[in-house]
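**Student:** fold the following for me, if possible:
(chains A and B)
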Amino acid sequence: MPVEHDEPGLVSLVQQGDVEAFGELVKRYADRAYGVALSIVGAPQDAEDAVQTAFIRALGRIDQLRPGSPFGPWFYSVLRSTALNLRRREGLRTHETIPDATAGGGRPDDDLDRTLTREQVLTALETLPEQQRTAVVLYDLEGFSHREVAESLGVAVGTSRAHVHHGRRALRNLLGPIVELTEGDN
Amino acid sequence: MHDRQRWLDILRPDEVTAARLRRAILDAARPLGKRDSWWDVASDWATLLTPVAAALTLIFAGLAVRQGVPSDDAAGSLRVSADVVESLRSQAAPAGFSHQITDDASMVFAALNEADSRELSLEELADETDVEH
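**Tutor:** As a prediction, the model looks like this:
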């Protein structure tokens, strides 16, 4: 069963045309991919479109992934370019398309839910340069290492560290003490 | 792996959105899932083309047999294609050809008659000679 496979095993099965294995990758990555896409395109419907398109593109190019390589960083590079293309093509303006953040959306901590909305977070993220924003989201939402962030963005590891550092500082200025950003692990 | 920033979880989809998203992805991916290898494609084509190849083999084999073994009535005879026969039929005869034939025939018959009468007179002459001897 695909569920019992580790990620390289799943990728190998997908490369052989196993749809169930692909479904397992979707299960593992779709939710987090949605957050990354949302931080780029700003609107929930566009984020769904970007994630769906990115998964289909990834499936079409799965043979490009070398055996044993991690799926995540490679997939997020596909997702990022897909979301950026979508945003460019449709002339999306995040601050205009962000819906009422209290409707639907994520499941943050209860305390944060009372004080911080998705709209506030997206508006703050929107002020960051795209690479900085994606670096922060991948590092802080996905829990990626700097090496994985760098691989996803196609930049050096040092550049990834700089992006996360500057992005966090900007977010702290925008969102205030509500957001406790731990600098120690950067 | 380091600690994530929990406040960013606000960007995650709710359960309904997540389920809808996963279903949409899998629905779109299912037709693309079983990508055939070159061997599968070749096998499919081979299966499809086998009856055609067999039919062509039979046809060419039949033609080869027909050309290799001449029929009894045709053996040793000159084969003339239908096109050649048709082209010969369509050729017009030279002008005056029929008159020439008629004239020639008259001359032949006249010569034959003359020859007959000459033979007759020679026989008569011989008879007369015999009588004289």
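**Student:** can you give me the end-to-end distance of stretch A:127-142?
**Tutor:** 20 Å (Cα to Cα, to the nearest Å).
**Student:** now stretch A:39-46
**Tutor:** Per Cα to Cα, stretch A:39-46 runs 11 Å from first to last residue.
**Student:** quick check: buried residues in that stretch?
**Tutor:** A:39-44, A:46 (16 or more other Cβ atoms under 10 Å in any protein chain shown). Bear in mind the C-beta positions are built from the backbone N, C-alpha and C, glycine included.
**Student:** quick one: name whatever helix or strand follows the longest helix along chain A.
**Tutor:** For chain A, the helix that runs over the most residues, judged by DSSP state H, is helix A:19-41. As assigned by DSSP states H and E, the chain's next helix or strand after helix A:19-41 is helix A:44-60.
**Student:** so in chain A, where's the weakest helix or strand by average pLDDT?
**Tutor:** Across the helices and strands of chain A, the lowest-confidence element by mean pLDDT, DSSP states H and E is helix A:94-97, at a mean of 47.
**Student:** could you find the closest non-adjacent residue to residue A:144?
**Tutor:** The spatially closest residue to residue A:144, leaving aside those adjacent along the chain, is residue A:138, at 4.6 Å (Cβ to Cβ, 6 or more residues apart in numbering or on different chains).
**Student:** which residues does the one you found contact?
**Tutor:** Neighbouring residues of residue A:138 by Cβ atoms under 8 Å, 6 or more residues apart in numbering or on different chains: A:36, A:76, A:144, A:148-149, A:152-153.
**Student:** and the residue nearest the centre of chain A, how far is that from chain B?
**Tutor:** Geometric centre of chain A, nearest residue: residue A:36, 2.4 Å, by Cα atoms, centre = their mean. Residue A:36 is 8 Å from chain B, where distance means Cβ to the nearest Cβ, to the nearest Å.
**Student:** pLDDT at that residue, what is it?
**Tutor:** Per-residue confidence (pLDDT) for residue A:36: 91.
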